[in-house]
Structure formats: structure tokens, C-alpha cells
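please find the sequence and the predicted model below.
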Amino acid sequence: MHVVDGAIKYVETDNTGDDNYDGLHQVRACLRGRSMRRRVYNPDRLKYPMKRVGKRGEGKFEQISWEEALDTIASNMQRLIKEYGNESIYLNYGTGTLGGTLTRSWPPGKTLIARLMNCCGGYLNHYGDYSSAQIAAGLNYTYGGWADGNSPSDIENSQLVVLFGNNPGETRMSGGGVTYYLEQARQKSNARMIIIDPRYTDTGAGREDEWIPIRPGTDAALVSGLAWVMITENLVDQPFLDKYCVGYDEKTLPAGAPANGHYKAYILGQGTDGIAKTPEWASTITGIPRERIVKLAREIATAKPAYISQGWGPQRHANGEIATRAISMLAILTGNVGINGGNSGAREGSYSLPFERMPTLENPVETSISMFYVDRCD
């Protein structure tokens, strides 16, 4: 930021290095970073504490001093803890500013307010979040723990890139972010890129090899149709499935599991629902032509390594957990997990450096509620 006489005049992004994908590249700021001056001087920005003086929802507030605000909050926190215990104070999981290096506004349990509450006896915690609640649960069930994605730079080792609802060109577009490494790696590998998304995104923008539009929320049905083709045409990586997977077929079922309770039976219609997940079946649900589903299945199964990745959009549906597990199954069926140029089916991994901060101590309160339940609070 360039400041003159105490006022921000403009925000300058990186202008060092070369404007290309090699060597010392420019790490340009995203549009959000470039707009910080407007945020600071926005007429709607709150600059002082405001106290509600009317009924909730009336929108009546008056300005108070910082001293009065701090005293009011502290006295009410003390009163609530005394009358109802520490479980009566809940720390919400998001704020208007996330990721601060010194203030540490994310994750919630590592913030300075969390440290304060831990010193005062703890607080009511939450589980899940609006960003990635279902993919976090789904991948834990699928892999027995959190499954990170390969870094986007690893795409230089890939033959095929398949993105399910994954749009880094609009969500992670800064010069040092995912979009840069995705484009750099594709230049080095010439990997074919297929985007599966209800809308045509900036990640494509003419650089994709193919865009396959899909009805929102039907990713799991598409994957089931793809799996049917792979299984019936013997395109799955059977040695990988036999060595690493539990529950793919009858011989990999754990002891005591019901017969035909495995994934293969479900896809072939031999499970409890009795419905074969054929490309025709998937086409009526997804809106993708049968012929394209068959072709896509063969493309994914025969291109190795294949980088199969999903964004967080597909899991933001009522059936989101199933969608995220289904997409990861494509990487599993084809043996693309844990190899160079492959991926777990998760969103791509990203680079980070640890930043040591003041310890936040332990929260003595063990109770947690779903972050979706907070709207029930008075």
C-alpha cells in the first residue's frame, strides 16, 4: 500500500520478475487484495463500536466509546459464565477477515479470543463449517483420514486433468496461487483438461480441452455411470483395489459384512436397490449424453497418471457427502492415488509455511455443536 499524509493512495501488486510462467514470476495480487483501499474507505465500514438501543431487527444503534464497549462485553461475559457456565459462550467460526498472520483469525480455535476464553474456563465449540463440512466428513470415511490433494505443480506429470466443480481461476487466482501453478504445469505437460461444471468458468476460458455441463448436485450419478463402464469393460486397476481397498468387491469385504454389500455390487445393480448404474441411467439424471459418459469413462481409465480433483461446490448440497466420496472413487478405481501426476480426488493441495504464534492453550469445555445449529441461538 502506498500511503501519503496518512491516507492510502493506491495498492500496488508485485511488479518484479517477468510476466511469464518461468523463472522469477510475478506474484500478482487478486482482485480482493487490490480492492483493500476501497474497503478501508467504504462509507458503510464500521469504524466505532455501535450499541443496539432498539429491539433486535429494528436496526437502531448508537455510537459508544471503546471503553464502554469493552466494559459492556466483559461484564456480560462474566455474568453469563457465572449464571450458565462456560458453555453459554460460543465462538463463531468465521469473521469478516480471515487468515491474518499476527491476529490469527483462522482457525477459530487458534485465535486470540480463543486463548482469552481458554484462560477463563473455555467456551462452546463447533464442528464443521460452511466451506467444506461434507468433503471433510466424506474423505475421512473414504480414506480413513483426511486426504490431501497433490500439489497443482504435479500436473506436469499428468496426462489428463479432470476438474469436478473446481474453479481456481475465480476462487484462487492470485499470482502465487493455484491458477498460476495449474497453467505452468499444463504448459510443461500438455495434459488434456476436462472441466465438469454446471457453468462455464474462468478456469476454462478457452484453455480447457472440453467443458462438460452437468445438472447441479448430480456428480455422484455421473461417477456411478463412469464406474459402470470401467467395471464392465475391465478398465479398473484391480491390483490397486485388491492391495489397498476394503469393500470394493466380495473378496475385499470385511468379516461380517452382508453379501453384495460392496461398491461393485451397488454399481452393477446387485445391491439392495437393484438398480444398475448404467450410462443411460446416469444420463437421465445428469443431462450428459450417454455416449459422452462412456467416452469420458474410457478417457479417465486409460490416461495414467490422471489428476482427478474436485472443488467445494459439489459437496454443498444435501447429498454433498455422497458426491465427494463418489468423485474420490474415480481416483481409487483407476489407481491414481499416491502417485506422481495423480490425485486423491480431493481439491488440489497448496503450499504453506508454518507461522508460530502465541499458544492458545486447551479448551476445558468438551461440548461442541454443529455450526449449522448456531441460528437456533437467541
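Received, thanks. For clarity, every value in this text was computed on a predicted model and none was experimentally measured. Numbers count the residues shown, from 1 in each chain.

contact partners for residue 142?
325, 328, 329, 332 (C-beta atoms under 8 Å, 6 or more residues apart in numbering). Heads up, the C-betas are built off the backbone N, CA and C, glycines and all.

pretty sure the last one is touching residue 245, no?
In other words, residue 332. Yes. If you go by C-beta atoms under 8 Å, residue 332 and residue 245 touch, sitting 6.4 Å apart.

the more surrounded of these two?
residue 332 (24 against 17; other C-beta atoms under 10 Å).

circling back: got TSV for the contacts of residue 142, with secondary structure too?
Output for the contacts of residue 142, formatted as TSV (DSSP: H, G, I helix; E, B strand; the rest coil):
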residue	secondary structure
325	helix
328	helix
329	helix
332	helix
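
how about the helices in this structure?
Along the chain, counting by DSSP state H, helices occupy 31-34, 36-40, 66-84, 112-119, 133-143, 168-171, 178-189, 219-232, 238-244, 263-268, 279-286, 290-302, 320-333.

the closest residue to residue 263 other than its chain neighbours: how many residues sit nearby?
Nearest residue to residue 263 in three dimensions, chain neighbours excluded: residue 248, at 5.2 Å (C-beta to C-beta, 6 or more residues apart in numbering). The local packing of residue 248 (other C-beta under 10 Å) involves 22 other residues.

tell me how far residue 248 lies from residue 55.
58 Å (C-beta to C-beta, to the nearest Å).

residue ranges with poor pLDDT in the stretch 251-378 of the chain?
Residues of the stretch 251-378 of the chain meeting the criterion pLDDT under 70: 351-355, 377-378.

next: the stretch 51-200 of the chain.
94-105, 174-176.

what about the residue lying closest to residue 277 once chain neighbours are set aside, distance to residue 309?
Spatial nearest neighbour of residue 277, chain neighbours left out: residue 224 (3.7 Å); criterion: C-beta to C-beta, 6+ apart. In this view, residue 224 and residue 309 are 19 Å apart by C-beta to C-beta.

what do you get for residue 254?
In terms of C-beta to C-beta, residue 254 sits 29 Å off from residue 309.

those two: which has the busier surroundings?
Neighbours per residue, other C-beta under 10 Å: of residue 254 and residue 309, the larger number sits with residue 309, 26 against 8.

the residue positioned nearest the centre of the chain: what's it in contact with?
Centroid check for the chain by C-alpha atoms, centre = their mean gives residue 312 as the closest residue, at 4.1 Å. Residue 312 makes contact with 131, 132, 135, 165, 347, according to C-beta under 8 Å, 6+ apart.

wait, residue 327 sits on residue 223?
Yes. Taking contacts as C-beta under 8 Å, residue 327 lies within contact range of residue 223: 6.0 Å.

the more surrounded of the two?
Per other C-beta under 10 Å, whichever of residue 327 and residue 223 has more neighbours is residue 327, with 31 against 28.

ok, that one - contacts?
If a contact means C-beta under 8 Å, 6+ apart, then residue 327 has 164, 219, 220, 223, 308, 310, 314, 345 as its contacts.

again, only this time at 6 Å
164, 223, 310, 345 (C-beta atoms under 6 Å, 6 or more residues apart in numbering).

how about TSV for those, with distance to residue 46 added?
Below are the contacts of residue 327 laid out as TSV (distance: C-beta to C-beta, whole Å):
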residue	distance to residue 46
164	39
223	45
310	37
345	42
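
from the residues you listed, which is closest to residue 113?
Proximity of the contacts of residue 327 to residue 113 was ranked by C-beta to C-beta; the top entry is residue 310 with 32.8 Å.

surely the closest one is in contact with residue 164?
Yes. Using C-beta atoms under 6 Å, residue 310 is in contact with residue 164, at 4.2 Å.

show me which of these two is the more surrounded one.
residue 310 (30 against 26).

how far away is that one from residue 301?
Residue 310 is 18 Å from residue 301, by C-beta to C-beta.

residue contacts, residue 167?
201, 203, 311 are the contacts of residue 167 under C-beta under 6 Å, 6+ apart.

may I see the ChimeraX selection of the buried members of those?
Buried members of the contacts of residue 167, defined by 16 or more other C-beta atoms under 10 Å, are picked up in ChimeraX with:
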select :201,203,311
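
pick the one among the contacts of residue 167 closest to residue 69.
For those, the nearest to residue 69 is residue 311 (39.4 Å; C-beta to C-beta).

now that closest one, nearest residue through space, not along the chain?
residue 166 (3.6 Å).

burial count for residue 368?
What residue 368 shows, counting by other C-beta under 10 Å, is a neighbour count of 14.

same check on residue 158?
So residue 158, with other C-beta under 10 Å, has 28 neighbours.

list the contacts of it.
Shown in contact with residue 158 (C-beta under 6 Å, 6+ apart): 189, 191, 305, 307, 341.

what does residue 314 give?
Per C-beta under 6 Å, 6+ apart, neighbours of residue 314: 164, 165, 219, 323.

for residue 279, same thing?
So residue 279 contacts 225, 290, 293, 294 (C-beta under 6 Å, 6+ apart).

what does residue 241 give?
Contacts of residue 241 by C-beta under 6 Å, 6+ apart are residue 248.

redo that, cut-off 8 Å
248, 249, 252, 332, 333, 335 are the contacts of residue 241 under C-beta under 8 Å, 6+ apart.
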